[in-house]
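Trainee: Sequence and computational prediction follow.
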Amino acid sequence: MLRVLVALICGVAAFGLVYPLALLQTKQRRNFEQRKRAFFGNTPELAASRRTKNGKERTRLRRLDQIADELYVAGIALRAEEFITIWVITGAILPAIALFLGAPLSLSIGLVIVGAAAPIGYVTLQKNRRLAQFGKQLSDAMTVICNALRAGQSFQTAMKNVGEEMEEPISREFMRVFRETQLGMPLETSLTRLVQRTKNPDLDLMCSAVIIQRQIGGNLAMILENISDTINQRIRMRGEVKTLTSAGRLSGMIIGGLPIFILVLLMFINPGYVDMFFTTQSGRIMLIVSVVLETIGFLLVRKIINIKM
């Protein structure tokens, strides 16, 4: 009987892995032409197809696009459907297998928490790391752009130079802007999409200056040089603030993560110690109150040490 259950669960896991991928291929074939038209602008055919879609379909596609953008910025070579499949397997199927194999309820719940949080946490860490590296590279990228503009090259060619001469992640992002403009997308639209992906205030300042210069004219190289000096001052000030608040951030991380670490550790070492939190009414109330207080404390500490500049 146990073998049958394990085989059934493995079959469900395989189905959960394969079906979204097959669905993805079908959807890509159906929407390829539509997405290609969307890339070049709002055509009458695209507007008509959008009007025929219902609200749920638009919401689902919008969420998939958001996940795809997050994976792209994080530098993870996965499609949105593939990431969702991995998340379901780690957060639901593997804990279910452990539960059917006789694992304690608290251990299975711990696996659900860890399995559901691990993929999202990994993407978030990778994204933050690459965005931080992007911010450090921006000043050098602007120097490359200014040198190219003084040599008589266009702004798009200067973006290409950054993509060829510098390392990731900024090379990938700037090369994407160059390729989008080569395929017919307006430069203003491509720069706006770049700012939306990176959410970097210094890049927003640079792109706004480029867009305004294209509308009213002016010496773009000189404008970007002045902005580069401003960005360098901001980077130095952020470094000083980060140094001054490093002790507070470390203390907040340790104090906030210690209860979670102890709870997860006890789930694996001796699940009986924490079973009451999941099997009794008072235990569940205590667990909910603890989670709420932990979240409030984390948000307060983050607000105190997060100085925006």
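Mentor: Ah, there it is.
Trainee: okay, and for this protein, where does confidence drop off?
Mentor: Applying pLDDT under 70 to the predicted model, the residue ranges of the chain that meet it are 1-58, 60, 103, 105-107, 305-309.
Trainee: And for the helix or strand harbouring Glu188, what's in contact with it?
Mentor: Element membership for Glu188 (DSSP states H and E) is helix 187-198. With contact meaning Cβ atoms under 8 Å, 6 or more residues apart in numbering, helix 187-198 is reached by 69, 72-73, 131, 134, 155-156, 173, 176-177, 180-181, 203-204, 207, 210-211, 214. Backbone N, C-alpha and C define where each C-beta goes, glycine included.
Trainee: Any of those residues buried? List them.
Mentor: Buried subset of these (neighbour count, 16 or more other Cβ atoms under 10 Å): 72-73, 131, 134, 155-156, 173, 176-177, 180-181, 203-204, 207, 210.
Trainee: which element is the most centrally placed residue in the chain on?
Mentor: By Cα atoms, centre = their mean, the mean C-alpha position of the chain lies nearest to Glu70, the distance being 3.1 Å. Glu70 is part of helix 55-74 when elements are defined by DSSP H and E.
Trainee: could you dump the helix or strand that that helix is followed by to PDB, C-alpha only?
Mentor: Towards the C-terminus, the helix or strand next in line after helix 55-74, according to DSSP H and E, is helix 80-88. Below are the C-alpha coordinates for helix 80-88, written out as PDB (Å, rounded to 0.1, in the frame of the first residue of the first chain):
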ATOM      1  CA  ALA A  80       7.800  31.800 -15.300                       C
ATOM      2  CA  GLU A  81       5.900  28.500 -15.700                       C
ATOM      3  CA  GLU A  82       9.100  26.600 -14.900                       C
ATOM      4  CA  PHE A  83       9.700  28.600 -11.700                       C
ATOM      5  CA  ILE A  84       6.100  28.100 -10.600                       C
ATOM      6  CA  THR A  85       6.400  24.300 -11.200                       C
ATOM      7  CA  ILE A  86       9.600  24.200  -9.100                       C
ATOM      8  CA  TRP A  87       7.900  26.300  -6.400                       C
ATOM      9  CA  VAL A  88       4.900  23.900  -6.200                       C
END
